[in-house]
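Q: Sequence first, predicted coordinates after that:
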Amino acid sequence: MLFVTPLLLVTAVGVAAADLYGTEASVRPETAVSAAPPATLSASPAASPYPPEEYAEAGIALARSADAHDPVETTDSGDASHHGGGYKIVQWEWSYVQTPYIIAIWILVASVAKILFHFSQRVTTVVPESCLLILLGLVLGGVVLIASKKQLYQLEPGLFFLFLLPTIVGDAGYFMPSRLFFDNLGTILVYAVVGTLWNAFCTGFSLYGMKLAGIIDEKVEGGMMEFLLFGALISAVDPVAVLAVFEEVHVNETLFIIVFGESLLNDAVTVVLYKVFISFVEVGPGNVQTADYFKGVASFLIVNVGGTLVGLIFAVLLAFVTRFTKRVRIIEPLFIFLLVYLAYLTAELFSLSAILSMTFCGIGCNKYVEANISQKSRTTVKYTMKTLASIAETIIFIFLGISAVDKSKWAWDTGLVSCTLIFIFVFRALGVIGQTWVLNWFRLVPLDKLDQVVMSYGGLRGAVAFALVVLLDGHKVKAKDYFVATTIVVIFFTVMFQGLTIKPLVKWLKVPRSTNSKPTINEEIHERAFDHILAAVEDIAGLNGYHHWRDKWEQFDKNYLSKLLMRKSVYHKGELWEVYQKINIRDAISVIDQGGNVLSSARLSLPSMASRTSFSEVTNVTNYLRENGSGVCLDLQVIDTVSGGKVEEETETHHLLTGNLYKPRRRYHAHYSRHFMTVGDKERQDREVFQRNMRSRLESFKSTRHKAKGRHKKERSQKKRKGSDAKEQEVNGKPRRNVSWQDTDPVTAPVDSPEERSEEEADKDEDVGITFVARKHETLKEPLKERPKSDMLEVYQSLAVIPPSPTCAEKHLPWKGGGGTLPVCVSMETTKIIPIDLQQAWNQSISSLESLASPPVQAEPQHPRVRALSRAEAARGGNSGGSDSGGSGPAQDPRFHFPNDEENGQSLQQQESQPLMSSMKPPAPPQVSSTQGMGRRPPTFNRNPCVYLRSLVSASPPGSEPRSRGPTQL
Amino acid sequence: MFPGRCCFWAAGYPPNPAPQYFVLLVSPVSPEQIQILHKRFKQLSNDEDSLRRDDFNNITDLACNPIRTQIIEAFFDKRNYRQNAVGSVEEISFEQFVIVMSHFLPVPLHNMTEEQRERMRREKLRFLFNMHDTDNDGTITLEEYKHVVEELLSRSGAIGKETAKGIADAAMLEVASITVGRMVPLQLYDWLILKDIEIETKMHIRFQNNACALC
């Protein structure tokens, strides 16, 4: 790792941190120089190939550049000395933090570079990131070269193989679409094994032939074995490069999995060939005996099978371990990282194929681990892996660029370079065509010509080849320098030229792209149904085909493996359930992300399903919705397509959401017991998530109904945008009212409103939904209270185009979502959007809503409490808003606990959810599920709405009512 | 190469069925495939000329297939014989067996016209649809769909109907949402579900292809 040091020391001169290092150099010049040698000492045995004097040089360079900063230093040191010689208050501990500091800065530079690249969308859509990174690396390398006259750094094989590559492979393996992978396993294996062998031997022999023919210069010393060795390392398609490029190209899944799977699995072939040829080169081609060839074949099998086995063993181990992490959820993700990484290291330990091992560990454990660990851990694992992989990739490409700028490496031979380029391309194409031709006899979805073109063209070489070639021993392989230079050229050509052109090529050839659609629950159901149908048909036809065996395997898995590796609680839930859950959760996130829409909120029901009771609620709600003609227009598609590009942001949003989905109060609880999150908490959170979703669903389904008719999707979404833009103007006037209104309320904290407002305004260009928050906030109460029918049409006209986006409030202003304000939204949205001619229907639905809302309230006569509570909620809303901005939140905590004080924990819990329940309970079983007509009023209707209304309205004191009515009249 | 051949001839089955019979096939069935199927047919039916439900139920491999009953029913469903009849039969002949099986046979995609392909896809979807539409009324109702989901989940036991209901509900809502803009009578999801299947028709065909790679 220390090899990073000199590089950064130098690059920093050219980049940003110059003064930092300068400071160091001038304050304690002796440390700068003396700090390096110890580092070198420890580093040189391990990784650093650099002689100590380079460090000294770096130090000198730094010292030189530091001159400019002298004044600062002197004051600093003056300060230090001023306070006495024995003890320095401020000490410069550069040597102490040096290594991690530099690594951190490196990663920072890489990350910032990524940010910068993505500032310009036009560039990133045309130029793959990997190209940009390599270019940046070239620039940085140039800076280093200028600063130190010598390239101090290159992509270090040790670092690459032990740290950078595993992160990428681990990510790829763990998130490998295993179904797709195994469906195409045969094809992938053929390409990976036969294809790589073909490429390696053909390239090697051809290059040797060229050498004999004199096209390659005499200076390139090497016999057949050397060229075969070179052919072996240059022929393997590189997973890092393929991932980097293909992820941006979005070819169809099958094509992607074949190319990518090949790049992963060919590792075994490459490793074996590389090792075999190295040993052959070492003993000299003359001394190779026939037995050695067989040993080579044997080692190929062992490396392959062994690597896979190690991976699978670790997969089982990992799955088994996660079965028992229930009490230590916090470290669940750690187990995953550790064991997957250990699978890699163990394979390396026995010189098996580490990539294979890690890939299969990931693929194997994924199912069980995902089932065992908690949702939070899943998220953690996902984002951590992605982050690591992404940063590793970045660093790899940057360092590839840097490594290229090295005079010592450039032993250029035009013949070798051009021949290699031509051969790898030609043989790749030939190999692909030949293998595809054979494979198409067996594949019943034949790979057509376009696929073959993309596959040939997508044979990118990358850092693996580079690391391997750098690993060569210059004494034994005389032509190492030529090989290194050629490898660099090949990598640059494939990554940059092919990477750059593959996108236009794919577009031009009209290669089927991936639809990029999320699997819907229907697709999942049908997919499973297909599996069973096909397995059954095979059985009926008496064939033991693929489906037959997969079915057998699934039964085995079900009966033994899953039993062993999954928690009991999960085991009984089954896969479809899992999928359902995943989809639900994902949708929950995206719904809230995108301002909510009916469809997915319908699926949102899931989290709550963990507990039976709420589950029945769910189904009933869906019944209810359906019976009310819900299923008509759900904006999912529209919004999805609109915000398709926002995927990256989801990460961020997700964190926000996971933090804020629940009532903030929950979070306080969580702080107390961070390490032992109780089940009760989880359930309550689940319920709350569910309730919110139900709520949003109720409102939005109603509103969308009408909008749905006959409008074109896109048109609609555009209108929405426009409409809301226009609306913003109006809305902007209101905040003040809102604020003052909140001000008059004794309990609420006023702070949050202005905050939000500014936030909204800042964001409004990006997200339309936000504006509604303001509107909702104030308008809402009105209609419910008075139902100004005359206003309704007007309101409808102005707002009809606005998407029903209650949840956006929760997303952007999470504290808004928390309180008693939300139930209000329900009625408000409906009021807004429903036109007057549908008044009756609206009335009916409202009444049913109200009646639905009533049960919990009616159960115990606690109107005052409810009111207090909702007020408390509002206060809390303010609090968390305030705490977000000012940090005064926790201080008010006791206040909203107040109403509950006299209650025991149980009822406390009930109460907390009361305001939510009141709108949520709608799904209450008996009433809804059986209700065909949507307007049926339960007997309690007359009484309860009052309660309901009160709870809704109570947050606003009577005096402010007239004012809050204003917005509606607009 | 095809041990079924002896059986085939021994059974005295006409090697070349009447042309109008081929029209009924969803995808062309090669003579070899017919032989294999015929052998299997005889094996299942214990050398009888017709298959009954019991024969299917006796297939051991099928025993743990969660949607076994539906698949078996599909073989006895008149709608799948493409003769505009409705209802189910008690026993099926070899022709009917082959017709049903032809839904799953590999498709020579490359030498088909667009029209043929479309027709074939429709037939396959029809088949699936019929399988879910247990009461033959041309619509897949929520109840029917729930039933499918329940059966799919039945192998995992404990979840039970509640879950199945929830999932079916969500799926139905989803269907509704995908077909935005079309006002659909409640409970009448008709082709909507089917529409959804179309999205993944490719996969469907592919699996069939794979399944029959060994035919």
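A: That came through fine. Numbers count the residues shown, from 1 in each chain, chains lettered A, B, ... in the order given.
Q: Okay, the residue in the stretch 1-150 of chain A positioned nearest to chain B and A:Phe492: tell me how far apart.
A: Nearest to chain B in the stretch 1-150 of chain A, going by C-beta to the nearest C-beta, is A:Thr125, at a distance of 26.7 Å. Quick note: C-beta positions are derived from backbone N, CA and C, even for glycine. Note on A:Thr125: its distance to A:Phe492, by C-beta to C-beta, to the nearest Å, is 21 Å.
Q: So for those two, which sits in the more crowded spot?
A: Between A:Thr125 and A:Phe492, counted using other C-beta atoms under 10 Å in any protein chain shown, the more crowded position is A:Phe492 (19 against 10).
Q: Against which helices or strands is the helix or strand hosting that one packed?
A: In this structure, A:Phe492 sits in helix A:480-492 according to DSSP states H and E. If contacts are counted by 3 or more C-beta pairs under 8 Å, 6 or more residues apart in numbering or on different chains; DSSP states H and E, helix A:480-492 sits against helix A:224-235, helix A:375-404, helix A:414-442, helix A:463-471.
Q: so after that helix, what's the next helix or strand?
A: Per DSSP H and E, the first helix or strand lying C-terminal to helix A:480-492 is helix A:499-509.
Q: what is the mean pLDDT for that next one?
A: On average, the pLDDT along helix A:499-509 is 86.
Q: looking at chain B, which helix or strand does the model trust least?
A: helix B:4-10 (a mean of 34; mean pLDDT, DSSP states H and E).
Q: How about the residues of the stretch 751-900 of chain A by chain B?
A: Neighbours of chain B within the stretch 751-900 of chain A, by C-beta under 8 Å from any C-beta of the partner chain: none found.
Q: wait, isn't A:Arg567 in contact with A:Ala371?
A: Yes. At 7.4 Å, A:Arg567 counts as touching A:Ala371 under the criterion of C-beta atoms under 8 Å.
Q: More neighbours: these two, which one.
A: For A:Arg567 versus A:Ala371, neighbours defined as other C-beta under 10 Å are more numerous around A:Ala371 (24 against 18).
Q: right, and that one touches A:Lys568 too?
A: No. Taking C-beta under 8 Å as the definition, A:Ala371 is not a contact partner of A:Lys568, at 11.2 Å.
Q: Downstream of the helix ranked longest in chain A, the next helix or strand is which one?
A: Counting residues, the longest helix found in chain A (DSSP state H) is helix A:290-322. Going down the chain from helix A:290-322, the next helix or strand is helix A:332-349, by DSSP H and E.
Q: Output the contacting helices and strands for that following helix.
A: By 3+ C-beta pairs under 8 Å, 6+ apart, helix A:332-349 packs against helix A:165-174, helix A:290-322, helix A:354-372, helix A:375-404.
Q: by how many degrees do that helix and helix A:375-404 diverge?
A: Helix A:332-349 and helix A:375-404 are oriented at 40 degrees to each other (axes from the mean of the first three to the mean of the last three C-alpha atoms, to 10 degrees).
Q: model confidence over helix A:332-349, on average?
A: The average of the pLDDT scores along helix A:332-349 is 92.
Q: Any idea how many residues pack against the nearest residue to A:Gly459 once chain neighbours are set aside?
A: Among residues not flanking A:Gly459 along the chain, A:Arg428 sits closest, at 4.2 Å (C-beta to C-beta, 6 or more residues apart in numbering or on different chains). Neighbour count for A:Arg428, taken as other C-beta under 10 Å: 24.
Q: and A:Arg428, what does it touch?
A: By C-beta atoms under 8 Å, 6 or more residues apart in numbering or on different chains, A:Arg428 lies in contact with A:199, A:456, A:459.
Q: what does A:Ile491 give?
A: Per C-beta under 8 Å, 6+ apart, neighbours of A:Ile491: A:238, A:241, A:400, A:461-463, A:465-466.
Q: okay if I get the residues you listed as CSV plus pLDDT, distance to B:Asn57 and neighbour count?
A: Shown next, in CSV, are the contacts of A:Ile491 (pLDDT from 0 to 100; distance: C-beta to C-beta, whole Å; neighbours: other C-beta atoms under 10 Å in any protein chain shown):
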residue, pLDDT, distance to B:Asn57, neighbour count
A:Asp238, 88, 53, 28
A:Ala241, 88, 54, 29
A:Leu400, 87, 63, 28
A:Arg461, 89, 57, 27
A:Gly462, 87, 56, 29
A:Ala463, 87, 58, 28
A:Ala465, 89, 58, 27
A:Phe466, 89, 61, 27
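Q: any idea how far A:Val249 lies from chain B?
A: Here A:Val249 is placed at a distance of 20 Å from chain B (C-beta to the nearest C-beta, to the nearest Å).
Q: residue contacts, that residue?
A: So A:Val249 contacts A:502-503, A:506 (C-beta under 8 Å, 6+ apart).
Q: again with A:Val432
A: A:Val432 makes contact with A:191, A:195, A:452, A:455-456, A:459 under the criterion C-beta under 8 Å, 6+ apart.
Q: wait, isn't A:Phe175 in contact with A:Val381?
A: No. Look at A:Phe175 against A:Val381 with C-beta under 8 Å: they stay out of range, at 9.5 Å.
Q: Show me where chain B dips below the pLDDT cut-off.
A: Within chain B, the segments meeting pLDDT under 70 span B:1-30, B:82-86, B:105-114, B:117-118, B:120-122, B:124-125, B:136-142, B:153-164, B:171-215.
Q: cutoff 50 now
A: Along chain B, the model assigns pLDDT under 50 to residues B:1-19, B:180-215.
Q: quick check: mean pLDDT across whichever strand or helix holds A:Tyr208?
A: Using DSSP H and E, A:Tyr208 sits in helix A:196-213. For helix A:196-213, mean pLDDT is 89.
Q: Please identify which of the contacts of A:Val249 is nearest to B:Arg79.
A: A:Val506 (42.2 Å; C-beta to C-beta).
Q: residue contacts, that closest one?
A: Residues near A:Val506 by C-beta under 8 Å, 6+ apart: A:249, A:251, A:454, A:513.
Q: still on that earlier bit, so which of the helices and strands packed on helix A:332-349 is the most packed in?
A: Ranked by mean neighbour count, these are led by helix A:354-372 with a mean of 27 (mean count of other C-beta atoms under 10 Å in any protein chain shown).
Q: now the angle from that one to helix A:463-471?
A: Using the same axes, to 10 degrees: helix A:354-372 against helix A:463-471 is 140 degrees.
Q: what's the average pLDDT for helix A:354-372?
A: 89.
Q: what packs against that helix?
A: Contacts defined by 3+ C-beta pairs under 8 Å, 6+ apart place helix A:354-372 against helix A:165-174, helix A:178-183, helix A:253-283, helix A:290-322, helix A:332-349, helix A:562-565, helix A:568-571.
Q: about what we covered before: also compute the angle for the longest helix of chain A relative to helix A:375-404, please.
A: Using the same axes, to 10 degrees: helix A:290-322 against helix A:375-404 is 140 degrees.
Q: what helices or strands is helix A:290-322 leaning on?
A: Using 3+ C-beta pairs under 8 Å, 6+ apart: helix A:290-322 touches helix A:253-283, helix A:332-349, helix A:354-372, helix A:562-565.
Q: hey, which of the ones you listed is tucked in deepest?
A: Per residue and on average, the most neighbours among these fall to helix A:354-372, with a mean of 27 (mean count of other C-beta under 10 Å).
Q: What residues does residue 134 make contact with?
A: Just going to use chain A. Counting by C-beta under 8 Å, 6+ apart, A:Ile134 makes contact with A:397-398, A:400-401, A:404, A:492, A:495-496.
Q: Chain B is the one I meant
A: By C-beta under 8 Å, 6+ apart, the contact list for B:Thr134 reads B:70, B:73, B:144, B:147.
Q: quick revisit: now the angle between helix A:414-442 and the helix holding A:Tyr208, please.
A: Relative orientation of helix A:196-213 versus helix A:414-442 (the same axes, to 10 degrees): 150 degrees.
Q: what comes into contact with helix A:196-213?
A: The contact list for helix A:196-213 (C-beta under 8 Å, 6+ apart) reads A:216, A:220, A:222-224, A:227-232, A:234-237, A:262, A:266, A:269-270, A:273, A:415-416, A:419-420, A:423-424, A:427-428, A:430-431, A:434-435.
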